[in-house]
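S.K.: My questions concern the predicted model and sequence given below.
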Amino acid sequence: MLALTADTARRSRAYRAFMLDRAGRVSSAQIVSAEDDGQARRQVRAMVGRNVIELWERTRFLGRFEPGAPGRA
């Protein structure tokens, strides 16, 4: 994650990373601060462990990241 300074906060957008359980339900969520969609996707790809993660910016779906498929979204 990025450390938020006043300058970073002005340039950054807040994305949401939703970790899904095996049933496809949200088990937890995390705010991802990034300057653009590409940076947000890279951060979430790095977060993928055993669970599927969906990336959203407000109501805009940006991708689904699955274990074992780091290049797909």
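M.R.: Yep, it's here. Numbering: from 1, shown residues only.
S.K.: the bottom helix or strand of this protein by mean pLDDT?
M.R.: Here the helix or strand of the chain ranked lowest by mean pLDDT, DSSP states H and E is helix 6-11, holding a mean of 60.
S.K.: Could you identify the helix or strand that succeeds that helix?
M.R.: Next helix or strand after helix 6-11 toward the C-terminus (DSSP states H and E): strand 13-20.
S.K.: other SSEs contacting that next one?
M.R.: The contact analysis (3 or more Cβ pairs under 8 Å, 6 or more residues apart in numbering; DSSP states H and E) places strand 13-20 against strand 26-34, helix 37-47, strand 52-57. Any C-beta I mention is one placed from the backbone N, CA and C, and that applies to glycine too.
S.K.: Just want the angle from it to helix 37-47.
M.R.: Interaxial angle, strand 13-20 versus helix 37-47 (axes from the mean of the first three to the mean of the last three Cα atoms, to 10 degrees): 30 degrees.
S.K.: Using CSV, write out every CA atom in strand 13-20.
M.R.: What follows is strand 13-20, C-alpha atoms only, in CSV (Å, rounded to 0.1, in the frame of the first residue of the first chain):
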residue,chain,number,x,y,z
ARG,A,13,-7.9,7.6,-6.0
ALA,A,14,-9.5,5.2,-3.5
TYR,A,15,-10.2,1.7,-4.8
ARG,A,16,-11.7,-1.2,-2.9
ALA,A,17,-10.3,-4.7,-2.9
PHE,A,18,-12.9,-7.3,-1.8
MET,A,19,-11.5,-10.7,-0.7
LEU,A,20,-14.0,-13.4,-1.5
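S.K.: Just give the strands next to that strand in its sheet, each with its orientation.
M.R.: Strand 13-20 sits in its sheet next to strand 26-34 (antiparallel), strand 52-57 (antiparallel), going by DSSP bridges.
S.K.: Compile those into CSV and extend it with columns for mean pLDDT and distance to Arg45.
M.R.: Putting those into CSV (pLDDT from 0 to 100; distance: least, Cβ to Cβ, whole Å) gives the following:
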stretch, mean pLDDT, distance to Arg45
strand 26-34, 97, 11
strand 52-57, 98, 9
